[in-house]
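1. I need the structure of the sequence given here:
(chains A and B)
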Amino acid sequence: MPSTYEPIATTTLSSTASSYTFTSIPSTYTDLILVASAANTSGSHDSILIQVGNGSIDTGNNYSRTRILWNGSSRSSASRSSAPNIDYDSMPPSSTNSYCVSVIQFQNYANTNVYKSLLIRNSNDQDYSVASIALWRSTSAINQIKIAGSATSFSIGTTFTLYGIKVA
Amino acid sequence: MSFLPLGFLAASGAAAGDYESIATVTVGSGGSSSISFSSIPSTYKHLQIRGIAKGTVASAALLTGFNGDTASNYNDHYIEGNGSSVVAGYDATSAIIAYGTIAPTAATSVFTATVIDILDYANTNKYKTTRALTGYDSNGSGYMDLNSGLWRSTAAISSITLSPTSGNFAQYTQYALYGIKE
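-> Numbering: from 1, shown residues only, chains lettered A, B, ... in the order given. Coordinates of the predicted model:
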């Protein structure tokens, strides 16, 4: 039986970058999974931002999320609505030699009957870990994904890999 | 190549047949009271269920049972955030495992996203442990859940039933079952 979990694209940054965009994502899969190992170029932690689109990245206030966030001493839940992007914490500075690990699941990303839901898990032992459910209020298929630092750039060595999962 | 649950795959890529689609169920216009996967082969190492779901009522949780067992042979722990507070809880000796909240009927086009990992599902020396990440956001409200579950049986899992606590699954609800090989 052929593999149903396929790598679509991957990159390892050889120079710093403010963002990275996956384009021309085929609609032939059921789910997408974006795996990131990221650090930033500043001296402090930063948030990571996600935007998606069909044909072009949607920069309108069409995103929202509900999250759980925790560190070694506290936990909290917060929501964000009608926002221009999906944000999640946190990305460490590269000076710590630590990279956060993110797994972002785009469920039914090409289903034109539903808004698009993203399940996000990010682990950063230097700061916070987070579990988040995010929404892009569009029934359009996702064929572009942009990932960016909120206030900083991604450091050299940051990796982004996109996988597709296909039902039989 | 190594494979870790919840979709983290080594960048070297999957070899053919490592992660296979077993079955997919999509709910039609009439809705459905449950979704079942049966005759699950024991030839994989782990199982993963991926899906989206919407309910036909204002509030319902997602329930899961194995091999038709409806006795009090299940436990689960959870942590849940609703955008303003976090709660943690434990369901002891229940008849089924609960995984978070299904998107309500009023939230237009919003569906709960779920990934459930069932590790060592065919191992007859172990009780069966599950792990789930599930949630929905409807732009101003929502729930995010992390759950662990236990089926206190050493039987290999051969069938899985998913159902809402009340109402039905709405149209376009879809669950897909995948098998992961060693």
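2. now the strands for the chain?
-> No chain in the question, so chain A it is. A:5-12, A:19-22, A:31-38, A:46-53, A:63-70, A:75-83, A:86-91, A:100-107, A:116-123, A:129-136, A:144-149, A:159-165 (DSSP state E).
3. looking at chain B here, not the other one
-> Taking DSSP E as the criterion, chain B carries its strands at B:3-4, B:8-9, B:19-26, B:35-37, B:46-53, B:60-66, B:74-81, B:86-94, B:97-102, B:112-119, B:128-137, B:142-151, B:160-164, B:174-180.
4. which one of the ones you listed has the lowest average pLDDT?
-> Confidence, taken as mean pLDDT, is least for strand B:3-4 of these (a mean of 34).
5. what distance separates the start and the end of stretch A:108-125?
-> 30 Å (CA to CA, to the nearest Å).
6. Pull out the buried positions in that stretch.
-> A:108-111, A:114-122, A:124 (16 or more other CB atoms under 10 Å in any protein chain shown). Yep, even glycine has a C-beta here, placed from its N, CA and C like the rest.
7. What of stretch A:125-134?
-> Within stretch A:125-134, judged by 16+ other CB under 10 Å, the buried ones are A:126, A:127, A:128, A:129, A:130, A:131, A:132, A:133, A:134.
8. Same list, the residues you listed, but only the ones touching chain B.
-> Applying CB under 8 Å from any CB of the partner chain to the buried residues of stretch A:125-134, one finds that A:131, A:132, A:133, A:134 fall near chain B.
9. For the residue positioned nearest the centre of chain B, name its beta-bridge partners.
-> In chain B, the residue lying closest to the centroid (CA atoms, centre = their mean) is residue B:116, at 4.2 Å. Counting by DSSP bridges, residue B:116 is bridged to residue B:49, residue B:132.
10. Would you mind listing the residues in contact with it?
-> Residue B:116 makes contacts with B:48, B:49, B:50, B:64, B:99, B:130, B:131, B:132, B:134, as judged by CB atoms under 8 Å, 6 or more residues apart in numbering or on different chains.
11. from memory the second one sits against residue B:114, does it?
-> Yes: between residue B:49 and residue B:114 there is a contact under CB atoms under 8 Å: 7.2 Å.
12. Please enumerate the shared neighbours of the two.
-> Counting by CB under 8 Å, 6+ apart, the residues touching both residue B:49 and residue B:114 are residue B:175.
13. so where's chain A uncertain?
-> Where chain A drops to pLDDT under 70, the residues are A:1-3.
14. how about 90 then?
-> A:1-4, A:71-72, A:89-90, A:95-97, A:125-128, A:166-168 (pLDDT under 90).
15. Let me know how buried residue B:171 is, in neighbour terms.
-> 15 (other CB atoms under 10 Å in any protein chain shown).
16. My read is that it contacts residue B:55, right?
-> No: counting by CB under 8 Å, residue B:171 does not reach residue B:55; the two are 11.3 Å apart.
17. Report the contact partners of residue A:129.
-> A:69, A:70, A:71, A:121, A:122, A:123.
18. Dig out what it forms beta bridges with.
-> Applying DSSP bridges, one finds that residue A:129 bridges with residue A:70.
19. Could you check how far it is from chain B?
-> Residue A:129 sits 11 Å away from chain B, going by CB to the nearest CB, to the nearest Å.
20. Mind putting the ones next to chain B among the buried residues of stretch A:125-134 into CSV with distance to residue B:27?
-> Output for those, formatted as CSV (distance: CB to CB, whole Å):
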residue, distance to residue B:27
A:131, 26
A:132, 26
A:133, 21
A:134, 23
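21. Now flag whichever of these is closest to chain B.
-> residue A:133 (3.1 Å; CB to the nearest CB).
22. Please give me every residue in contact with the closest one.
-> Here residue A:133 is in contact with A:65-67, A:117-120, B:113, B:134-137, B:142-144 (CB under 8 Å, 6+ apart).
23. quick one: which of these has the most company?
-> residue B:137 (33 neighbours).
24. pretty sure that one contacts residue A:66?
-> Yes: because the distance of 4.6 Å satisfies CB under 8 Å, residue B:137 is recorded as touching residue A:66.
25. For those two, list the residues in contact with both.
-> What both residue B:137 and residue A:66 touch, as defined by CB under 8 Å, 6+ apart, is the set A:79, A:133, B:144.
26. what's the spacing between the first one and residue A:41?
-> Yep, that's residue A:79 we're talking about. 29 Å (CB to CB, to the nearest Å).
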